[in-house]
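Enquirer: Show me the folded form of this:
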Amino acid sequence: MTKIHTLLFTYILTSFLVSVSASFASGTYDVSYFWGSKNQSAEAYANKVKRVLGPDIAKQIKVVRNGKRYGVIYDWDGDYQTTRQVAANHAKLLHRAGITKAKGPNAAYAMPSQDYSSRPIKHTTQSQRPQTRRPQPRQSQPQPLTITPDSDLEESIDQYIKTLRSRGVLASTDRTSFVIHDVTKQKKVVSINEDRSMMAASLIKNFVMLAYFHEVKYKRLEHTTRNRQQLRRMIQRSANTSTNYFIKLLGGPSGVARILKWNYPYFKNTRIVEYIPPGGRTYRNMTSAHDMNRFYNQLWLGNLPYSNKMKYYFGLPNGDRMHDRTCLPSNVRVYHKTGTVYGLVGDSGVLAITDSEGKQRAYIFTGMIEDRTKTNNRNRFEAFGSWVGRRSNTLRRVSEAVYEYIYEVHYGGQFDCRNHSVQHVQR
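Expert: Modelled structure (predicted):
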C-alpha cells in the first residue's frame, strides 16, 4: 500500500507539471510594463501595478535589473499567445486606472522570460526580442514531496492540490471539492470539502433533466421528439438555450426547485434560482460535490426516473476531464456532465471500467475547482481558455491517479499510467 500511494502521488504531480512544461516548448514569456534608469521609479511603478492587478498577481510582479536599467515585469512564464492576451488585459486595466496614458503594447507587452538573477540582460524592444530561454518554467521544478506510510488516496489528492497552489499552478483563491465513490462496492473513497456549496455552472443541467423526467414519469409532460432533441443539445452540447427551454417548461427556476425539494430532498446543497443568462455567465445556481455524487449513485442504481434514458444522454460522446487526454484505457466508458464558467471548472460522472478479471465495475468521480473572485471582471487577468485549461488538467491528473488506485487497490490489477496501458496482473 505504501509503495502504491507514494508512486501514485509522485505520478500525479509529475504528470501535471510535465503537461504544463510541454505547453511552453517553444519558449516562455513574461509581461513587461516599465523600464527606466532609476530603481526608485521602477519600485514606485511596481507598487501601482500591484494595487491595480490585485494580490494574486502582485506576488509575481517583480522589479528586475538589466545593466543600468530597471524594469517591472509579471513573472508569468506563459506561452506567447496567452502572454499577449494577459498583457493586453493588464494594459486595459492600467490605462483605465490612470496608471499609464499608453495603451496596448506600449503599456504592457510579452517578452521572453529571462533569468535576471543570474546575469544582466540587455532590454530590447519587441522587434528585437532576445532568444534566450529558461531551460524550464518555474512551475516544472517542484521540490520532492514525501508521502507518509499511512497516507491514502484522499490525503494524496489533498497534498497534491496544496502543492499546485503553492507553486502557482492554482491560485490561493481556488477552492476545491472532490468525491470518489466506488459504486460497485458502495464505498466512498475520497471526501474533500464535499458539502461545500459551489457555483454549479452547467452541472445544474443534471437536475433540470431529473426534474423533467420526473414530470414525464407522472405524465405531466410528454417525452416528445422535440424534447429529445433539446435534451441531447443540453447534455451533449451543453446548450444553454436548451436548458432554459426546459426550465421554462417546468415553470421557471422556482418550478424546478419545487420539484427537487418535494421529491428529492437529499440534494441539500443544490439551488436553482436563475435561467442561464446570455453569454453563459451563470453564478447564482449552486450545487456541491456531495449532491453530484448522490445524483450519479442514484442514477447508476436505477433509483431515478428513467435512469436508463438519462444514462444514454450522459454517455453521448463529448469533451470530459476524466478520460479525454489522460492515460486511462480506451475501453473505459464515461457518463458525465462538465461545468464551466470563468470561476468554476468541474466534472462529475460515472466511469465504467473492466477489472483485472474482466468483470465490469463502476466508480463516480466528482471534481470541482471554484474561484468566486473571478465573477468580477476586474479580477480576470488571464485568458479564459488558459484559466480553464490549467484547472481542467488538474482534474485529469487526479482522475488518472484515481483510476490507478481503484484498479489496483480495489480490484487487484496493475496499472502503469506512464505506459498508457493496463497490465492484467492478479495480486
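Enquirer: Which parts of the stretch 151-300 of the chain are helices?
Expert: Per DSSP state H, counting those that start in this stretch, the stretch 151-300 of the chain carries helices over the ranges 153-166, 205-217, 225-236, 240-249, 252-263, 289-300.
Enquirer: The longest one: how far from the chain's middle?
Expert: Meaning helix 153-166. 14 Å (C-alpha atoms, centre = their mean, to the nearest Å).
Enquirer: Who does the helix or strand containing Tyr33 pair with, and is each partner parallel or antiparallel?
Expert: Per DSSP states H and E: Tyr33 is located in strand 29-36. Paired with strand 29-36 in the same sheet, following DSSP bridges, are strand 69-78 (antiparallel), strand 109-112 (antiparallel).
Enquirer: Tell me which of these lies nearest to Ser37.
Expert: Closest to Ser37 of the strands paired with strand 29-36 is strand 69-78 (C-beta to C-beta; 6.2 Å). Yep, even glycine has a C-beta here, placed from its N, CA and C like the rest.
Enquirer: Stretch 275-290: which residues count as buried?
Expert: Residues of stretch 275-290 classed as buried by neighbour count (16 or more other C-beta atoms under 10 Å): 275-276, 282-283, 285-290.
Enquirer: just to revisit the earlier point, among the strands paired with strand 29-36, which is nearest Arg325?
Expert: Closest among the strands paired with strand 29-36, using C-beta to C-beta: strand 69-78, at 19.6 Å.
Enquirer: Show me what counts as buried in stretch 234-241.
Expert: Here stretch 234-241 shows 234-236, 238-240 as buried, counting by 16+ other C-beta under 10 Å.
Enquirer: same thing with stretch 329-347?
Expert: 332, 334-347.
Enquirer: quick one: which of those sit in strands?
Expert: 334-341, 344-347 (DSSP state E).
Enquirer: check contacts around His323.
Expert: 332, 334, 351, 399 (C-beta atoms under 8 Å, 6 or more residues apart in numbering).
Enquirer: isn't there a strand covering it?
Expert: No: under DSSP: H, G, I helix; E, B strand; the rest coil, His323 sits outside any strand and is assigned coil.
Enquirer: Would you mark the buried spots in stretch 41-61?
Expert: For stretch 41-61, by 16+ other C-beta under 10 Å, it's 42, 45-46, 48-50, 52-54, 56-57, 60-61.
Enquirer: Make TSV out of these and add distance to Pro105, secondary structure and pLDDT.
Expert: Listed next are the buried residues of stretch 41-61 as TSV, based on distance: C-beta to C-beta, whole Å; DSSP: H, G, I helix; E, B strand; the rest coil; pLDDT from 0 to 100:
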residue	distance to Pro105	secondary structure	pLDDT
Ala42	19	helix	85
Tyr45	17	helix	90
Ala46	19	helix	89
Lys48	19	helix	89
Val49	16	helix	88
Lys50	21	helix	88
Val52	18	helix	84
Leu53	17	helix	83
Gly54	22	coil	77
Asp56	24	helix	66
Ile57	19	helix	80
Gln60	20	coil	82
Ile61	18	strand	89
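Enquirer: picking that back up, from the buried residues of stretch 275-290, which single one is nearest Leu395?
Expert: For the buried residues of stretch 275-290, the nearest to Leu395 is Ala289 (11.9 Å; C-beta to C-beta).
Enquirer: ok, that closest one touching Thr176?
Expert: No: counting by C-beta atoms under 8 Å, Ala289 sits too far from Thr176 to count as a contact (9.1 Å).
Enquirer: what touches both of those two?
Expert: 192-193, 367-368.
Enquirer: what's next to stretch 219-233, contact-wise?
Expert: Contacts for stretch 219-233 (C-beta under 8 Å, 6+ apart): 209, 212, 215-216, 239, 241-242, 245-246, 249, 313, 316.
Enquirer: Contacts only, for Arg325.
Expert: Contact analysis of Arg325 by C-beta under 8 Å, 6+ apart lists 393, 396.
Enquirer: rerun that using 10 Å as the cut-off
Expert: Contacts for Arg325 were tallied using C-beta atoms under 10 Å, 6 or more residues apart in numbering; they are 19, 319, 392-393, 396.
Enquirer: Repeat that for Gly98.
Expert: 48, 52.
Enquirer: can you check the one 4 residues further on too?
Expert: Taking C-beta under 10 Å, 6+ apart as the definition of contact, the neighbours of Ala102 are 33, 91, 94-95, 108.
Enquirer: repeat that for 8 Å
Expert: 91, 95.
Enquirer: gap between it and Glu43?
Expert: Distance check for Ala102 against Glu43: by C-beta to C-beta, to the nearest Å, it reads 20 Å.
Enquirer: for Tyr109, same thing?
Expert: Counting by C-beta to C-beta, the gap from Tyr109 to Glu43 is 21 Å.
Enquirer: can you check Ile247 too?
Expert: 53 Å.
Enquirer: Equivalent analysis for Ile369, please.
Expert: Applying C-beta to C-beta to Ile369 and Glu43 gives a distance of 35 Å.
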